[in-house]
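1. coordinates only, no sequence provided:
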């Protein structure tokens, strides 16, 4: 899912006069992060340890969100990356 804001939307969000509710913008943002993590994890040669750190940072940054379902998807993506990273390290 592509949920990027265009320049005008980003400026309106920063200025506080966006037409779309902030919670909806955050929901789309979290879904976008989740999709990006999943896409990156599927790339050959990806450093899963570094990607795991990035995923962990994303989860920490969104702990206070009201979008609990989207956060659960982000956490699931992080956990899947952690599992793949530990499987590659394990003998």
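-> Nice, thanks for sending it over. Since the model is a prediction, treat every value here as computed from it, not as a measurement.
2. drop to CA atoms for contacts and neighbour counts, all remaining ones
-> Will do.
3. any idea which residue sits dead centre in the protein?
-> residue 33 (2.4 Å; CA atoms, centre = their mean).
4. where's it relative to residue 20, distance?
-> 19 Å (CA to CA, to the nearest Å).
5. was I right to think residue 49 contacts residue 85?
-> Yes - with contact defined as CA atoms under 8 Å, residue 49 reaches residue 85; the gap is 6.0 Å.
6. which parts of the helix or strand hosting residue 76 are buried?
-> According to DSSP states H and E, residue 76 maps onto helix 68-89. By neighbour count with 16 or more other CA atoms under 10 Å, helix 68-89 contains the buried residues 70, 71, 73, 74, 75, 77, 78, 81, 82, 84, 85.
7. next one: the worst-scoring helix or strand of the chain on mean pLDDT to chain centre, how far?
-> Lowest on mean pLDDT, DSSP states H and E among the helices and strands of the chain sits helix 7-15, with a mean of 74. Taking CA atoms, centre = their mean, to the nearest Å, the mean C-alpha location of helix 7-15 is offset from the chain mean by 20 Å.
8. other SSEs contacting whatever helix or strand comes next after that helix?
-> Counting by DSSP H and E, the next helix or strand C-terminal to helix 7-15 is helix 22-41. Secondary-structure packing of helix 22-41 (3 or more CA pairs under 8 Å, 6 or more residues apart in numbering; DSSP states H and E): helix 48-61, helix 68-89.
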